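Enquirer: Pasting the sequence and the predicted coordinates here, then a few questions.
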Amino acid sequence: MTSILEEMARKYESGEWIQTPQHYAAMQAAYFIRPKSPDQHRTRREVFSQRIVEAETQGFVIPDVFREFVETDAYVDRVNHNTIWLEMPSELWRLPSAPTCLVFLAFTEGQGCCNWHLLLAPDGSHSMVSCEHPFGQPSIWPSRVPDVSQWKVNRCANSIEQWLYCYFLDSAEHDRQYIDRLRPYHSEGRIGS
């Protein structure tokens, strides 16, 4: 990442983009393509490792492809989707409508509209489900967690592989948009005003 793009990412993250709103889209693109810090990667891997132990202790299987994706920093850094992010749950929850299944939050939408979860079955199989709310994140409700039995859950993919395929296609399209947004700044070598 060039020093210009790094500066743009820093300005987006710090909120300085407000001073030059005409550069918002480019600053956001620079922020989204910036690799995660070593501390962010370490924290993600540690939390994921804890959730794996919890799931396996209960007899569930985390799909190998999801393990490889989450545990590989380069894969995580390569996914630059502008609204959907990898998200590790702070807890694993049972699905109220099928309590033999475990819900493992995997991705969240940045505007809070949708969350995608691995639905782990006791027979070792899995699928992907979506829900407006994130299972396994009680800290986002300071007073109390709402009645999760009322949450509408929809099956959205037969496997994590199928879901990741679509996700990576979307991410590639967003990469093309980022390149278009950043090209003028990169060639000029400045952010401008």
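Expert: Structure's in. What do you need? Numbering: from 1, shown residues only.

Enquirer: switch to C-alpha atoms for all contacts and neighbour counts from now on
Expert: Will do.

Enquirer: And the longest strand seen in the chain, how far out from the chain middle?
Expert: Counting by DSSP state E, the longest strand found in the chain is strand 98-109. Offset of strand 98-109 from its chain centre (CA atoms, centre = their mean, to the nearest Å): 14 Å.

Enquirer: With stretch 48-63 instead?
Expert: With CA atoms, centre = their mean, you get 19 Å for stretch 48-63.

Enquirer: buried sites along it?
Expert: Neighbour-count burial for stretch 48-63 flags F48, R51, I52, A55, F60, V61, I62, P63 (criterion: 16 or more other CA atoms under 10 Å).

Enquirer: Which pair in those has the greatest spatial separation?
Expert: The distance between the two most remote of the buried residues of stretch 48-63 (CA to CA) is 14.3 Å, for F48 and F60.

Enquirer: quick revisit: parallel or antiparallel, list what pairs with the longest strand of the chain.
Expert: Using DSSP bridges, strand 98-109 pairs in its sheet with strand 84-86 (antiparallel), strand 93-95 (antiparallel), strand 115-120 (antiparallel).

Enquirer: doesn't A98 make contact with S149?
Expert: No. With contact defined as CA atoms under 8 Å, S149 does not reach A98; the gap is 10.1 Å.

Enquirer: shaky segments in the protein?
Expert: Within the chain, the stretches with pLDDT under 70 are 80-82, 186-193.

Enquirer: before we move on, the earlier item: just the buried residues of stretch 48-63: which are in strands?
Expert: Per DSSP E, strands hold no members of these.

Enquirer: quick one: which of those residues is nearest V103?
Expert: Within the buried residues of stretch 48-63, the smallest distance to V103 is 9.7 Å, found for A55 (CA to CA).

Enquirer: Next one: the residue lying closest to that closest one once chain neighbours are set aside from R78, what distance?
Expert: The shortest distance from A55 to any non-neighbouring residue, by CA to CA, 6 or more residues apart in numbering, is to V61 (7.0 Å). Going from V61 to R78 by CA to CA, to the nearest Å gives 25 Å.

Enquirer: what does W116 give?
Expert: Using CA to CA, we find W116 at a distance of 19 Å from R78.

Enquirer: Of those two, which one has the most company?
Expert: W116 (30 against 17; other CA atoms under 10 Å).

Enquirer: Looking at the backbone only, give me phi and psi for the nearest residue to that one once chain neighbours are set aside.
Expert: Spatial nearest neighbour of W116, chain neighbours left out: S130 (4.4 Å); criterion: CA to CA, 6+ apart. The phi and psi values for S130, taken as degrees, to the nearest 10, are phi -120, psi 150.
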